[in-house]
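Trainee: The following comprises the amino acid sequence and a computationally predicted model.
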Amino acid sequence: MNHNSIETESVCSTDYSKKIIFKRHNSIKKELPSIILLNGLLYDQNRWGETCKYLSELSYNLLTFDFYGQGRTVENNDIPTQPISLDNQVEDLYQLIIQEVGNKPVILVGLSYGGAVAQKFGVKYPNLIKKILLVAPYIQPINKLESIIEQQSYWTNLFVPYMSFSDCFDFHLKNLMGIEVFKDKLEKGNLDNIHVHNEGTFRLAQGIKHLHINPSDLKKLSKKSVSMLIPKYDEYTSVLDYLAFWNKIPSTVKSNVEILPTVHRVPDAQPKGLAKWIEKELA
């Protein structure tokens, strides 16, 4: 049943980001398990709104937050000037958990980029994991995207030789992320702080440019603690690639995998369907 459905914004002070902006979607009760929703790369925590409406009816504490580089968090900190590593995001998440729920194991629901953070967190802090629910998780660089940027970088480097290939790559990556941020914010009708969000998204993308996720590292998690939702019509990763990744997760920790007829941004396209899947996996 719903326990005092509310939405309050608060701040968690961390060593890395200094200020993590998060929301409680109900009154925190220490005796209840906690669900924490982890954003995709271009997300902010408000994008979980419809899903949270359904999840807030369950007997769980419910939290969302913006990673450093995203949403209200990047607006309330210094603009990032270096790649943002997943290791630092993991430590921010750890400090948020300790502040809000203590040392009690939590349920992490990670969308795309958030799925990569959830896995890294599970590897480092397996005792703090009750469940990891991966939703279209980031599992590898997007090959088509990388190929396009590499071609652009090759020609830029050829005609602007004083720029290294790496600098050319970052130049085109930043432009691409800027276009995506602009499109996203234009759809929402809000271009406020766009330069801050452009820089934050670019630094997030830099941080996962060479990321390698090894699913076998999840072996220390408890039995049947990992489930995955695969969008059938994902624009970035094929169902076969997702399934190949799933098959590499140790059999002892795997619970369920499901293919949903939707696109990559599941909370936007299927908020109710996502909430029902989460509820089913926690039953």
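Mentor: Received, thanks.
Trainee: Stretch 260-279: end-to-end distance?
Mentor: 15 Å (C-alpha to C-alpha, to the nearest Å).
Trainee: Contacts only, for the closest residue to residue 20 other than its chain neighbours.
Mentor: In this structure, residue 20 finds its nearest non-sequential neighbour in residue 12, 4.4 Å apart by C-beta to C-beta, 6 or more residues apart in numbering. (Each C-beta comes from the backbone N, C-alpha and C, glycine too.) By C-beta atoms under 8 Å, 6 or more residues apart in numbering, the contact list for residue 12 reads 19, 20, 22, 65, 92, 95, 96, 99, 100.
Trainee: rerun that using 6 Å as the cut-off
Mentor: Going by C-beta atoms under 6 Å, 6 or more residues apart in numbering, residue 12 touches 20, 96, 99.
Trainee: what would those look like in a markdown table with secondary structure?
Mentor: Converted to a markdown table, these look like this (DSSP: H, G, I helix; E, B strand; the rest coil):
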| residue | secondary structure |
| --- | --- |
| 20 | strand |
| 96 | helix |
| 99 | helix |
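Trainee: Relative to residue 158, which of those is nearest.
Mentor: residue 20 (42.5 Å; C-beta to C-beta).
Trainee: Residue most distant from the centroid, the protein?
Mentor: residue 159 (36.8 Å; C-alpha atoms, centre = their mean).
Trainee: Tell me how far that one lies from residue 146.
Mentor: 21 Å (C-beta to C-beta, to the nearest Å).
Trainee: ditto for residue 120
Mentor: Separation of residue 120 from residue 146 (C-beta to C-beta): 21 Å.
Trainee: Among those two, which residue is more densely surrounded?
Mentor: residue 120 (20 against 14; other C-beta atoms under 10 Å).
Trainee: and residue 40, which of the three is it?
Mentor: Assignment for residue 40 (three-state DSSP): coil.
Trainee: can you tell me how far it sits from residue 30?
Mentor: Look at residue 40 and residue 30: by C-beta to C-beta, they are 29 Å apart.
Trainee: ok, those two, which is more surrounded?
Mentor: Using other C-beta under 10 Å, the more surrounded residue of residue 40 and residue 30 is residue 40, with 24 against 10.
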